[in-house]
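**Q** just coords:
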């Protein structure tokens with residue numbers, strides 16, 4: 001068996017190690033265009049921000065260490081430029097000497113990864129405009145920050161890398177502006193959840209220009225000028241492009257391998273391409289969405305590692321399949337942790353997949369134990385079975401734990417009823433007797449059981465203000481401190497029963513409080529007394545996150561304006 005692995009890092013290096021562990025006698029060659037076969041690319045922004053102090057900490061392993069442990073032939077600074085499938089050989093170029101040669105194979109595992117997307121706009125190749133993909137990229141950015149002491153930077157794109165770079169540049173004292181073409185940061189989240197991030201960035205003096213793209217770059221002496229599509233001109237010392245990535249599929253495409261609609265290499269569940277002797281893994285492949293069964297691309301390290309292991313298993317004769325990806329992710333943004341798994345609302349709506357959504361706001365641990373922080377959870381589930389479809393969580397503590405629990409529940413085809421029953425670790429410093437995941441399950445199950453009729457913020461856009469009345473169930477001091485919805489009746493929950501005689505049974509009432517709990521209690525009271533009522537899911541806290549979009553889409557409806 002002669003196995004060629006083309007590309008290192010997460011998928012390729014994992015496949016190489018797994019293949020050797022399974023077959024001590026195979027001839028294994030790993031080709032890598034760069035100098036490093038395995039490095040922590042997710043740690044690069046934190047090295048630039050000097051959160052990670054030592055550059056060597058980014059190296060998962062060195063060439064010499066990997067060679068000595070796994071006895072494989074590693075060829076760095078070497079690019080595979082072509083695959084001759086008929087004669088089962090590849091064309092290889094030594095990037096240091098320029099020499100080209102051919103290498104035969106029995107099997108190939110492709111792990112070319114993805115490359116940063118660079119739009120074709122004027123000035124894109126000017127100095128001090130950077131991408132961040134690998135260690136050499138991080139070296140260039142860090143050297144510039146260390147030596148030139150930039151005062152300002154523009155980060156183009158508000159996804160994972162863009163947000164992490166904005167945070168770490170700000171930590172280094174660089175005044176940073178994010179320009180994002182969408183009307184929100186973090187495209188994997190829904191608008192009202194992402195709004196918490198925008199507000200937090202503002203608190204940290206990071207400006208967010210949303211709904212505006214980049215038209216061009218130009219030079220103004222030693223400084224960059226960033227020209228946006230809406231006519232803004234931003235002067236800065238450096239720019240980071242974080243617009244997204246595209247799969248590096250040239251080698252596969254030139255070899256005649258099947259390419260999917262998204263531009264990724266098509267693979268089976270065994271990671272086999274359209275050629276039975278060639279497998280592909282990582283950011284360059286199209287895989288199955290675990291929830292929907294549809295094709296997707298997911299440039300994340302976790303799935304790439306698993307795919308590398310699975311491809312090696314199959315190459316070496318073991319039957320192993322990749323069952324799909326949930327896209328489970330987490331990102332740190334200053335004091336916030338933001339995580340998601342499974343489907344978001346935009347995707348479910350676009351694919352016409354029936355779903356319900358619930359919002360809950362829960363403490364990271366028992367409220368009486370010092371330091372508890374609120375986290376917002378948005379949960380998606382099927383209207384009939386209650387099967388969990390996805391979740392988004394934002395908070396300061398305990399977010400990663402809860403998203404992992406929900407991701408595990410999705411992987412196990414569990415329902416919201418199962419979330420109610422999960423027995424999770426509890427002690428006051430870590431959780432509550434009813435964990436935030438349990439609370440999310442309770443609320444979702446209440447919807448399915450008919451114990452509450454919820455209305456979500458996006459449904460408010462179509463409400464008739466002549467027949468709809470809001471009731472604010474918070475206490476007076478909360479109303480004075482946080483504001484409320486204009487025109488809402490203020491009836492504290494403890495006064496609701498004795499004031500029902502003031503209400504009209506012909507009206508539609510929308511009840512809200514801070515986070516939805518008291519409104520649920522209010523709904524139970526009113527619904528059993530013959531009133532038509534709905535609970536505003538997630539309460540006033542979620543409403544505030546969505547207020548901007550509500551007002552933009554219903555500008556002539558004064559009822560929705562918060563005081």
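**A** Arrived safely, thanks for sending. The structure presented is a predicted model; accordingly, all values stated were derived computationally and were not measured. Numbering: from 1, shown residues only.

**Q** going forward, measure contacts and count neighbours with C-alpha atoms only.
**A** Fine.

**Q** now do the phi/psi pair for the residue of the chain positioned farthest from its centre.
**A** Most distant residue from the mean C-alpha position of the chain: residue 501, 48.2 Å away (CA atoms, centre = their mean). In terms of degrees, to the nearest 10, the main-chain angles of residue 501 are phi -70, psi -10.

**Q** output the lowest mean pLDDT helix or strand found in the protein.
**A** Lowest by mean pLDDT, DSSP states H and E among the helices and strands of the chain is helix 539-553, with a mean of 81.

**Q** report the buried residues of that helix.
**A** Neighbour-count burial for helix 539-553, with 16 or more other CA atoms under 10 Å as criterion, is recorded at 539-547, 549-551.

**Q** wait, what's in contact with residue 473?
**A** When contacts are counted by CA atoms under 8 Å, 6 or more residues apart in numbering, residue 473 touches 490-493, 511-513, 518-519, 522.

**Q** and these, which of them are in helices?
**A** Of the contacts of residue 473, the ones assigned to helices by DSSP state H are 518-519, 522.

**Q** highest neighbour count among the residues you listed?
**A** Highest neighbour count within the ones in helices among the contacts of residue 473, by other CA atoms under 10 Å: residue 519, with 29 neighbours.

**Q** so that one versus residue 508, what's the distance?
**A** Distance, residue 519 to residue 508, using CA to CA, to the nearest Å: 14 Å.

**Q** circling back: any idea which of the ones in helices among the contacts of residue 473 is the one closest to residue 245?
**A** When these are compared for distance to residue 245 (CA to CA), residue 519 comes out closest, at 43.4 Å.

**Q** go ahead and confirm that closest one touches residue 512.
**A** Yes: judged on CA atoms under 8 Å, residue 519 makes contact with residue 512 at a distance of 5.0 Å.

**Q** which residues are in contact with both of those two?
**A** Here residue 519 and residue 512 have 473, 535-536, 539 as joint contacts, going by CA under 8 Å, 6+ apart.

**Q** could you list the buried residues of stretch 166-186?
**A** Those would be 166-172, 174-186, for stretch 166-186 by 16+ other CA under 10 Å.

**Q** how close does residue 264 sit to residue 111?
**A** According to CA to CA, residue 264 and residue 111 sit 12 Å apart.

**Q** also residue 252?
**A** Distance from residue 252 to residue 111, counting by CA to CA: 10 Å.

**Q** comparing these two, which residue is more hemmed in?
**A** The neighbour comparison of residue 252 against residue 111 (other CA under 10 Å) goes to residue 111, with 30 against 22.

**Q** okay, now the closest residue to the more buried one other than its chain neighbours: neighbour count?
**A** Distances taken as CA to CA, 6 or more residues apart in numbering put residue 7 closest to residue 111, at 4.7 Å, once the chain neighbours are dropped. As a burial measure, residue 7 scores 26 neighbours (other CA under 10 Å).

**Q** on that earlier part again, the buried residues of stretch 166-186 in helices, which ones?
**A** Using DSSP H, these in helices are 166-171.

**Q** including pLDDT, could the residues you listed go into a markdown table?
**A** Shown next, in a markdown table, are those (pLDDT from 0 to 100):
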| residue | pLDDT |
| --- | --- |
| 166 | 96 |
| 167 | 97 |
| 168 | 96 |
| 169 | 97 |
| 170 | 96 |
| 171 | 95 |
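
**Q** redo those as TSV? Include distance to residue 348.
**A** Shown next, in TSV, are those (distance: CA to CA, whole Å):
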residue	distance to residue 348
166	30
167	31
168	33
169	35
170	35
171	37
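
**Q** of those, which pair is most distant in space?
**A** 166 and 171 (8.6 Å).

**Q** wait, doesn't residue 9 sit right on residue 39?
**A** Yes: using CA under 8 Å, residue 9 makes contact with residue 39 at a distance of 6.1 Å.

**Q** so which residues of the stretch 251-400 of the chain form strands?
**A** 265-266, 278-280, 285-288, 295-296, 329-333, 336-342, 356-363, 374-381, 388-395 (DSSP state E, counting those that start in this stretch).

**Q** could you point out which of those strands sits nearest residue 209?
**A** strand 329-333 (17.0 Å).

**Q** what helices and strands are in contact with the closest one?
**A** Judged by 3 or more CA pairs under 8 Å, 6 or more residues apart in numbering; DSSP states H and E, strand 329-333 is in contact with helix 160-171, strand 336-342.
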